[in-house]
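Trainee: Give the three-dimensional model of this entry:
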Amino acid sequence: MVTTIVLWTLIIICFAFSFIALIKPIIPGVPVLWIGYLIYHFGINKHDLTLSFWIIMGIFTAVIFIADFIANNYFLKKYGSTKTGERVGCLAVIVGSFIFPPFGLIIVPFISVFVAEKLQGKKTKESLKSAWATVISFISSSLAKAVLQVIMVIIFFVYVIN
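Mentor: Now for the predicted structure:
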């Protein structure tokens, strides 16, 4: 009984950390979600999470990574961000998660990409577009990941309850 309570607590903590990862990108959100599934499977009940569950979760995991990649590339390429701007944006999102969260996730990348693009010789208007694209791509990919992760958690509980 105590072991089950401890394991469920760990599962809930894993699920919570997977959502915290949306605003703290240093945390690997989807892998932490999977750790919760594995704790349940190997610690509580091996039979509830069937092969179909693992296939569905594998598909959702692939969709999350693909959606994240597509959202970022779409907005950054559409608004003409340079490779330097993209790299600065990625680093700035991580740094921004520690500086005045959650607002730092928007402010730090915006300012960093703007400055990086200006240093690349872009005009102010172009630099602003690239900076906004970085912010929009981060927000859109985070929203997509959040929705998909909620669905993944719901599916987990559907399998566990049935």
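Trainee: Stretch 23-41: how far from the chain's middle?
Mentor: 11 Å (CA atoms, centre = their mean, to the nearest Å).
Trainee: tell me the mean pLDDT for the helix or strand harbouring residue 11?
Mentor: For residue 11, the host element (DSSP states H and E) is helix 2-20. Here helix 2-20 scores 95 as its mean pLDDT.
Trainee: list the helices and strands the helix or strand bottoming out on mean pLDDT in the chain packs on?
Mentor: The helix or strand of the chain with the lowest confidence, counting by mean pLDDT, DSSP states H and E, is helix 83-96 at a mean of 85. Applying 3 or more CB pairs under 8 Å, 6 or more residues apart in numbering; DSSP states H and E, we find helix 83-96 packed against helix 51-78, helix 104-119, helix 124-161. Placement of C-beta: from N, CA and C, glycine included.
Trainee: Could you list the buried residues of stretch 2-12?
Mentor: 7, 11 (16 or more other CB atoms under 10 Å).
Trainee: Extract the C-alpha set from that stretch and format it as CSV.
Mentor: Taking C-alpha atoms only, stretch 2-12 is exported to CSV below (Å, rounded to 0.1, in the frame of the first residue of the first chain):
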residue,chain,number,x,y,z
VAL,A,2,2.7,2.5,1.0
THR,A,3,4.8,1.5,-2.0
THR,A,4,1.8,2.1,-4.3
ILE,A,5,1.3,5.6,-2.8
VAL,A,6,4.9,6.4,-3.3
LEU,A,7,4.9,5.2,-6.9
TRP,A,8,1.7,7.2,-7.7
THR,A,9,3.3,10.2,-6.1
LEU,A,10,6.3,9.8,-8.4
ILE,A,11,4.1,9.4,-11.4
ILE,A,12,2.2,12.6,-10.6
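Trainee: Run through who's touching it.
Mentor: 36, 39-40, 43-44 (CB atoms under 8 Å, 6 or more residues apart in numbering).
Trainee: Can you tell me the closest non-neighbouring residue to the residue nearest in space to the middle of the chain?
Mentor: Nearest to the geometric centre of the chain sits residue 22, at 4.6 Å (CA atoms, centre = their mean). Distances taken as CB to CB, 6 or more residues apart in numbering put residue 142 closest to residue 22, at 4.9 Å, once the chain neighbours are dropped.
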